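K.L.:
Need a 3D model of the sequence below.
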Amino acid sequence: MKKLLLTSLIVLPLAACSTGSSDTTRPPRGNANASVLVEEFADIQCPACRSAHEQVSAPLLEKYGSDIRFEYKHFPLRSIHRFALDAAEMSECAADQGKFWEFLDMAYENQQDLSQDALLEWVSALGLNTEQAERCFSSHSKRGTVLADYKEGRDRDVGGTPTYFVNGEQVQTGFDTLGAAIEKALAGSAMPL
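P.N.:
Prediction:
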């Protein structure tokens, strides 16, 4: 009986966050059922990703949100961004509480303040259960999810961030280039069989 109780006390705190090497509760933005898939491989600490988040991704979602499924994939450049992996893991912990995109927005808005302390402050500012998020983060239960995205990016020849794909084809970063690729994909999906 004591052994069962001890096991329950150890396992219960970890049950607060989803585990698994590639499980994620990160939802797409836009139309989850759209025939056009836009994927962004990005690094939360990358200044170019912050700019793309504001000047490319947000306008694309504003214009094509009902026509595209937009998925964010982690590609932390750990060799040059000290907190990229930490931020990616915490964003997945926030996703467990339904606040992935809000956390991502806050992280990009406050990117210059990125630190482990800031990650916890942002979780609190979003009104998340901070104890649950801290347990999730300190257990590194989301590292496998983040690294699975990174591996997928490497397998797809992602060399830097941000990198975008439209229906599996890599497209140069930019509102105009991505918009043209989306328009082409939408035209192709509208063709009769």
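
K.L.:
For the residue nearest the centre of the chain, pull up the helix or strand it's in.
P.N.:
Relative to the mean C-alpha position of the chain, the nearest C-alpha, by Cα atoms, centre = their mean, is the one of residue 72, at 4.4 Å. Taking DSSP states H and E as the definition, residue 72 sits inside strand 68-74.

K.L.:
same thing with residue 177?
P.N.:
When elements are defined using DSSP H and E, residue 177 is found to belong to helix 175-189.

K.L.:
May I have that helix as PDB, with CA atoms only?
P.N.:
As requested, the backbone C-alpha atoms of helix 175-189 are provided in PDB (Å, rounded to 0.1, in the frame of the first residue of the first chain):
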ATOM      1  CA  PHE A 175       4.200  38.200 -47.300                       C
ATOM      2  CA  ASP A 176       4.200  38.600 -51.100                       C
ATOM      3  CA  THR A 177       6.000  35.300 -51.900                       C
ATOM      4  CA  LEU A 178       3.900  33.300 -49.400                       C
ATOM      5  CA  GLY A 179       0.700  35.000 -50.500                       C
ATOM      6  CA  ALA A 180       1.400  34.000 -54.100                       C
ATOM      7  CA  ALA A 181       2.100  30.400 -53.100                       C
ATOM      8  CA  ILE A 182      -1.200  30.400 -51.100                       C
ATOM      9  CA  GLU A 183      -3.100  31.800 -54.000                       C
ATOM     10  CA  LYS A 184      -1.600  29.200 -56.300                       C
ATOM     11  CA  ALA A 185      -2.500  26.400 -53.900                       C
ATOM     12  CA  LEU A 186      -6.000  27.700 -53.400                       C
ATOM     13  CA  ALA A 187      -6.500  27.900 -57.200                       C
ATOM     14  CA  GLY A 188      -5.200  24.300 -57.500                       C
ATOM     15  CA  SER A 189      -7.500  23.000 -54.700                       C
END
